[in-house]
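Trainee: Sharing a model prediction with you, sequence too.
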Number of protein chains: 2
Amino acid sequence: MMKTHSIKDVARIAKVSTATVSRVINNSNLVDSWTRDRVLKVIKKLDYHPNLVARSLIRGKSNLLTLIVPPEPNFFSAFYFRQILCGISHSLSKYPYRMMIYQPEGYDPKLGYPPHLDGFPMDGIFVIAPLLEDRLVKHLEKEKTPVVLINARSHVLDWIDLDNVSSAREVVLALSKMGHTRIGFINGLEGYNANARLEGYKLGLEKSGLSYDPQLVTNGDYSLEKGFTAAKKLLSHSRKPTVIFAANDLMAIGAIRAAHELGFSVPRELSIFGFDDSDAATLSQPQLSTVRQPFFEMGERATDFLVSRVENLKLPQKTIELPGQLVFRQSSKEKGKN
Amino acid sequence: MMKTHSIKDVARIAKVSTATVSRVINNSNLVDSWTRDRVLKVIKKLDYHPNLVARSLIRGKSNLLTLIVPPEPNFFSAFYFRQILCGISHSLSKYPYRMMIYQPEGYDPKLGYPPHLDGFPMDGIFVIAPLLEDRLVKHLEKEKTPVVLINARSHVLDWIDLDNVSSAREVVLALSKMGHTRIGFINGLEGYNANARLEGYKLGLEKSGLSYDPQLVTNGDYSLEKGFTAAKKLLSHSRKPTVIFAANDLMAIGAIRAAHELGFSVPRELSIFGFDDSDAATLSQPQLSTVRQPFFEMGERATDFLVSRVENLKLPQKTIELPGQLVFRQSSKEKGKN
DNA sequence: TAATAGCATGAGAACGATTGCAGGAGGTAA
DNA sequence: TTACCTCCTGCAATCGTTCTCATGCTATTA
C-alpha cells in the first residue's frame, strides 16, 4: 500500500498537535472555530482519512458486525437468508458499521456452531436460525458480545422471530372461513418451528370449531419431494382433505404436483396453502397462496437491535415476534365455488 | 468487552519477553523448543488469542476482503449474486481471510460506484458486474489495492467473466443441429453482455450456414414482461421462428407465456431456450433449456485470484473466460419430432 | 487586584501487537 | 586464549489513533 497520510501529517502542516486534529475529526467542541477551519482545510487538501484500524485498537471497537451463516454450501441461496441479508444491508446504511459474513466450517448438526470465532474483530453478531441447543449460542449467552438471533429464541439474547403459532392459526381460520372443514397439514422438520406451527394449526381448528384429526396431519422435511409423498399419503385416505396446508412453499409445490398426478384439479378440487412466500410461490402453476414472512423487516429490525446494543451494552433483553401475512393467490379458493 | 488477555500477560506468566511470545505465535524458528512449549502452555491456559486489530495496525494488513454490491435493495436475491457469494465463501474457508459486504448508497446508473470507500480496512476488493465506465473501477485501476472483477472486464485489473460469445454461439449451433433454421433471439440490455451474446448468435448462424435475419432479433431488458412482449412480436411475423433463444431465463419464461397465450405448444410447435440456469428454469412449466453460467466457480476462482494478489502485489494481470454449459430440458426439442 | 472559572491547546501515555538490533551464551577453530 | 559464528532472547521503536492531564490564556467576579 502506498504510504497514506496520517494524523501527524495533518497536525504538522496545520501547525497544531495531533490531539487537536483528533478533536476536529471527532467534532469535539473544545476547539476554536478558527483552528478547526484551518485543520479541516489541511485534511481536505491531503485527502486525509483517519485510519480505522488504529482507531479500533485504541477504542476497543471495530464497528464491524459479523453475520454467521450455517455451513451448508448453498445457504446464501436460501430464500429467507437472502431477504434477511437485504434487510440487514439496507438498515446498515444508516449506521457507521459494516458487515462481515462468516460461514464456519466445523458445524455439528446436533451441536451447532463451534463456540470460538477466530478472533476477527467484531462488535456484534447476527446469528441466523441457529439450532435450539447451539454451542455457540450457549457460549455467547455467557459472554458480553452483543448478539441478536434471527428466526430463533433465547432467554438471554435479543431475538427476532416470526409468530409461528398465530400465523399458522390465521391460515387455518381463513381456510375454515372459506368453507373448508377437512384441512390437511404437512409439517416441517422437528424443532421449534414445527411445534409452533402445529400448535397454531390446532388452535385454528379449535377456534373454528373443527376437531383435530391425526389422519390429516403428516410430517415433512421442507423438501419438494417430501411434500409430494406427504400429499399423496393425505389424499389416499377415504376422508380426503379439501385443502392442504404445508409448512413451506416447496412442500406445497410438491403437493400441487401430487394432486395433479392423482388427477385433482387445483384449486377446484383441492386447495393448497404454502408458507414463506418464496419466489417459487409465484413461479408455480397455479400460483401459490402462502404466508409471507417479513424477512426483510426482520433483517432491518435485527440491525437496529444489534447496533443499539453495541452502543449501549446494558440494555434489557429485547425480543420481537412479527406476524406473518397471508397472501392469497390461485392455489386456494372457497370450497364449492367455481 | 471483558478485558481479554494480551501478549503481555502471556509474556509475564511464561517469564519471557513479548517478542518471544510473538515469535512463538508466528512460528518463528528463532525460539528454543523448550521455551516454545512453555509459552504454548501459557497461551493455552489463558485461552489467549492475538488481537487482530493490533496486528493489522503494525502489519498494515487486515486480512479483510470487501465484496462490493450494487445498491439495488434486492440485489442479494439475484440468482447470480447468490451463487457467486456461495463460491466466494466456499473458497474463502481455505484462507485466513474474511469477507465484508458493502453496498454503497450513492450509486449513479451511468457512473457506477462512488470512488471512495470510507476507509474501512480491506486488503482486496471483489466487484460484481460493474458498469463499463464505473467511477470506482476507473479509480481502482490507478490504485494498488488488489481488485478482481466478476462478470466484467478491464485492461488492468484481474477479472473473471463468462465467455458470452462462444456460449451464445454454442446454443445456436445446437439448435441448428436440432433442425431449426429460423432461430429468434431476444437480447438483453445494451452493454457488453448483450453485444457479445448477439455476436455469438451471429457467429452461430454463420457457422451453421444460416443467414442473419433482423426480423428474428429483438431487444429486451431481462424482465419477464419484456420477454413476453418481445416474443409476441417475434411470433407475429409471417415467417415465425421455430425456436426463441432469450438472453436470460426470465425473458425465456415470458416467451413461454406468450407462446401459450398465442396458442403455441412448447416445445412441440415452438422451442424456447434461456440463459443463466436460474432456479426459475426448473420451476417453469415446461422446464427450461438454458445455459448454465458457472457462477459458483467464478466466485471460487475470484477468491483464489484475489488472495494470491493480496499476498503478492506484483503478479501480472490475470483473466479468465469461463465457458457456459448447455442444459437441455423440456422447453426445447428437435424440430419436427414429436 | 486577586481569585476563580472556563476555554483552547499540547505533551505524552496508552491500545497490543511486530520486528530490527544488540547482546549474551555456548560452541568451534586457529 | 582469542576470534568468530550460531542460536536464542530482550529492549525498545513502531503502527495511527484517542484521551487524560497539565498549562496558559482570557474573562468574570468580589
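Mentor: On my side now, so go ahead.
Trainee: dump the residue contacts of the residue lying closest to A:P323 once chain neighbours are set aside.
Mentor: Spatially, and ignoring its direct neighbours in sequence, A:P323 is nearest to A:D163 (5.3 Å; CB to CB, 6 or more residues apart in numbering or on different chains). All C-beta spots, glycine's among them, are computed from the backbone N, C-alpha and C. Neighbour list for A:D163: A:321-324 [criterion: CB atoms under 8 Å, 6 or more residues apart in numbering or on different chains].
Trainee: A:T290 belongs to a strand, doesn't it?
Mentor: Yes. Assessed by DSSP: H, G, I helix; E, B strand; the rest coil, A:T290 belongs to a strand.
Trainee: tell me which residues form a beta bridge with it?
Mentor: As for beta bridges, A:T290 partners with A:V327 under DSSP bridges.
Trainee: hang on, it packs against A:F275?
Mentor: Yes. Taking contacts as CB atoms under 8 Å, A:T290 lies within contact range of A:F275: 6.0 Å.
Trainee: Common neighbours of those two, please.
Mentor: A:249, A:252.
Trainee: returning to that earlier point: ok, the residue nearest to A:P323 to A:I320 distance?
Mentor: As judged by CB to CB, to the nearest Å, A:D163 and A:I320 stand 9 Å apart.
Trainee: Ok, A:R98 next?
Mentor: The gap separating A:R98 from A:I320 is 24 Å, by CB to CB.
Trainee: End to end on stretch A:206-217, go ahead and measure it.
Mentor: Stretch A:206-217 has an end-to-end distance of 15 Å (criterion: CA to CA, to the nearest Å).
Trainee: Contacts for it, please.
Mentor: Outside stretch A:206-217, the residues that touch it by CB under 8 Å, 6+ apart are A:169, A:172-173, A:176-177, A:181-185, A:187, A:198, A:201-202, A:205, A:234, A:237, A:239, A:241.
Trainee: Report the buried residues of it.
Mentor: A:208, A:210, A:216-217 (16 or more other CB atoms under 10 Å in any protein chain shown).
Trainee: Let's have those in CSV, adding pLDDT and secondary structure.
Mentor: What follows is the buried residues of stretch A:206-217, written out as CSV (pLDDT from 0 to 100; DSSP: H, G, I helix; E, B strand; the rest coil):
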residue, pLDDT, secondary structure
A:S208, 96, helix
A:L210, 96, coil
A:L216, 96, helix
A:V217, 96, strand
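Trainee: and which of those is nearest to B:S91?
Mentor: Ranked by distance to B:S91 (CB to CB), the buried residues of stretch A:206-217 are led by A:V217 at 43.2 Å.
Trainee: for stretch A:26-39, how far is the first residue from the last?
Mentor: End-to-end distance for stretch A:26-39: 12 Å, by CA to CA.
Trainee: So is that stretch next to DNA strand C?
Mentor: Yes. Part of stretch A:26-39 sits near DNA strand C under the criterion CB under 7 Å from any atom of the strand, namely A:29-32, A:34-36.
Trainee: can you tell if that stretch touches DNA strand D?
Mentor: Yes. Using CB under 7 Å from any atom of the strand, stretch A:26-39 reaches DNA strand D at A:N26.
Trainee: is any part of that stretch close to chain B?
Mentor: No. Against chain B, stretch A:26-39 shows no contacts by CB under 8 Å from any CB of the partner chain, the least distance being 14.5 Å.
Trainee: and that stretch, how far out from the chain's middle?
Mentor: 43 Å (CA atoms, centre = their mean, to the nearest Å).
Trainee: Now do it, average pLDDT.
Mentor: In this model, stretch A:26-39 has an average pLDDT of 94.
Trainee: Which neighbouring elements make contact with the lowest-mean-pLDDT helix or strand in chain A?
Mentor: In chain A, no helix or strand scores lower on mean pLDDT, DSSP states H and E than helix A:280-283, which sits at a mean of 86. Packing partners of helix A:280-283 (3 or more CB pairs under 8 Å, 6 or more residues apart in numbering or on different chains; DSSP states H and E): helix A:249-261, helix B:280-283.
Trainee: ok, the residue of the stretch 201-338 of chain A found nearest DNA strand D - how many residues close by?
Mentor: Per CB to the nearest atom of the strand, A:E311 is where the stretch 201-338 of chain A lies closest to DNA strand D, at 13.2 Å. Close neighbours of A:E311, defined as other CB atoms under 10 Å in any protein chain shown, add up to 14.
Trainee: Compare A:R98 and A:I320 and say which is more crowded by neighbours.
Mentor: Legend: neighbour count by other CB under 10 Å for A:R98 and A:I320, higher for A:R98 (21 against 15).
Trainee: Just to check, that one is in contact with B:R98?
Mentor: No. Contact between A:R98 and B:R98 fails when scored by CB under 8 Å: they sit 11.2 Å apart.
Trainee: all strands for the stretch 1-150 of chain A, in order.
Mentor: A:64-68, A:98-102, A:124-128, A:147-150 (DSSP state E, counting those that start in this stretch).
Trainee: List the buried residues for the last one?
Mentor: So the one you mean is strand A:147-150. Residues A:147-150 are the ones in strand A:147-150 that count as buried (16+ other CB under 10 Å).
Trainee: returning to that earlier point: out of the contacts of A:D163, who's the most crowded?
Mentor: A:G324 (22 neighbours).
Trainee: and that residue, how far is that from chain B?
Mentor: Note on A:G324: its distance to chain B, by CB to the nearest CB, to the nearest Å, is 19 Å.
Trainee: Could I get the contacting residues of the nearest residue to that residue once chain neighbours are set aside?
Mentor: The shortest distance from A:G324 to any non-neighbouring residue, by CB to CB, 6+ apart, is to A:S167 (3.5 Å). Contact partners of A:S167, counting by CB under 8 Å, 6+ apart, are A:197, A:200, A:275, A:291, A:323-324.
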